[in-house]
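Participant: quick one, what's the 3D model for this:
(one chain, ligands or ions: 1)
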Amino acid sequence: MTADYAHPYPTPETLADHPFEPLDFTRFDEPTMRKRAVDFHAEMDRRRSVRMLSDEPVPIGLIETAIRTASTAPSGAHLQPWRFVVIGNPEVKSQIRAAAEEEERVNYLENRMNEQWQQALAPIGTDHHKEFLEFAPWIVVLFEERFRLDEDGTKRNNYYVKESCGIAAGLFIAALHHAGLATLTHTPSPMAFLTKLLGRPSNERPFVLFPIGYPMEGVLVPSLERKPLADVMTLID
Ligand SMILES: Cc1cc2nc3c(=O)[nH]c(=O)nc-3n(C[C@H](O)[C@H](O)[C@H](O)COP(=O)(O)O)c2cc1C
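Facilitator: Numbers count the residues shown, from 1 in each chain. Next up is the predicted model:
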């Protein structure tokens, strides 16, 4: 079946000026598609945020591959506005823990998080203690690249930076889970301390921090329900 496009993509003009290649796409039969979809959902449904990670070492190659997977994310104008900073150094992890706990102490104990926010967090049971930041063998901080800087210092725009980084973060989390690792999506806000502590340039801003490792044996997670399909999907057919 071929659709009769009045305006084919790419246009001959674009094709004359820019390289294109045939799409590498695998087509499955419908039962196979259904099984793959259901299996993938079952696997992702087992993903949980883990707040007690063990100090068991994790090979750096697993982190590198997960970052490669994250970097397959679509991005505004394909500008890939992300930078994954990977920290295994114990001294730097201690500094991150100390600075994160200081910010979180103000959030939780000095009411920078308002009453409503604290109530929403109550069933999760989080507080200002962030020991996992030292236990986890790796911390990965995802920085968003707000704009690009040419070698001569000229600013160049990036587009849809937050959307692009959000998608990359999602793929990163899925890749870690698929590899058999655990993580937590952590935002010890405000996170500006990470730019300075990790020596990042001023065009980058911390987006999310991921402690990564294996779960501590017997770790508990909150009993949470995920919304049923009817509450997250609206069909217009
Ligand atoms: C953008 C974002 C920020 C989050 N920040 C924190 C955080 O700072 N600390 C924390 O313990 N959990 C944090 N979480 C994790 C959520 O609490 C968790 O995803 C949610 O409770 C659902 O649990 P699950 O991940 O196990 O499904 C964050 C999640 C997201 C998406």
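Participant: low-confidence stretches in this protein?
Facilitator: Low-confidence segments of the chain (pLDDT under 70): 1-2.
Participant: would you list the phi and psi of the residue nearest the centre of the chain?
Facilitator: The residue lying closest to the centre of the chain (C-alpha atoms, centre = their mean) is residue 169, at 1.8 Å. Main-chain dihedrals, residue 169, degrees, to the nearest 10: phi -60, psi -40.
Participant: ok, it - contacts?
Facilitator: Going by C-beta atoms under 8 Å, 6 or more residues apart in numbering, residue 169 touches 70, 142, 185, 207-208. Bear in mind the C-beta positions are built from the backbone N, C-alpha and C, glycine included.
Participant: what of residue 92?
Facilitator: Going by C-beta under 8 Å, 6+ apart, residue 92 touches 197-198.
Participant: related to what we said a few turns ago, near the ligand, which of the contacts of residue 169 show up?
Facilitator: Residues of these in contact with the ligand (C-beta under 6 Å from any ligand atom): residue 185.
Participant: now, the contacts of residue 169 that are in strands?
Facilitator: 142, 207-208 (DSSP state E).
Participant: need the residues of this protein near the ligand, please.
Facilitator: Within the chain, the residues that sit near the ligand (C-beta under 6 Å from any ligand atom) are 48-49, 51, 124, 126, 184-188, 221, 224.
Participant: what subset of the residues you listed is buried?
Facilitator: 51, 126, 184, 186, 188 (16 or more other C-beta atoms under 10 Å).
Participant: how close does the closest residue in space to the second one that isn't next to it in sequence sit to residue 27?
Facilitator: Going back to what we said before, that points to residue 126. Spatial nearest neighbour of residue 126, chain neighbours left out: residue 51 (7.2 Å); criterion: C-beta to C-beta, 6 or more residues apart in numbering. Going from residue 51 to residue 27 by C-beta to C-beta, to the nearest Å gives 41 Å.
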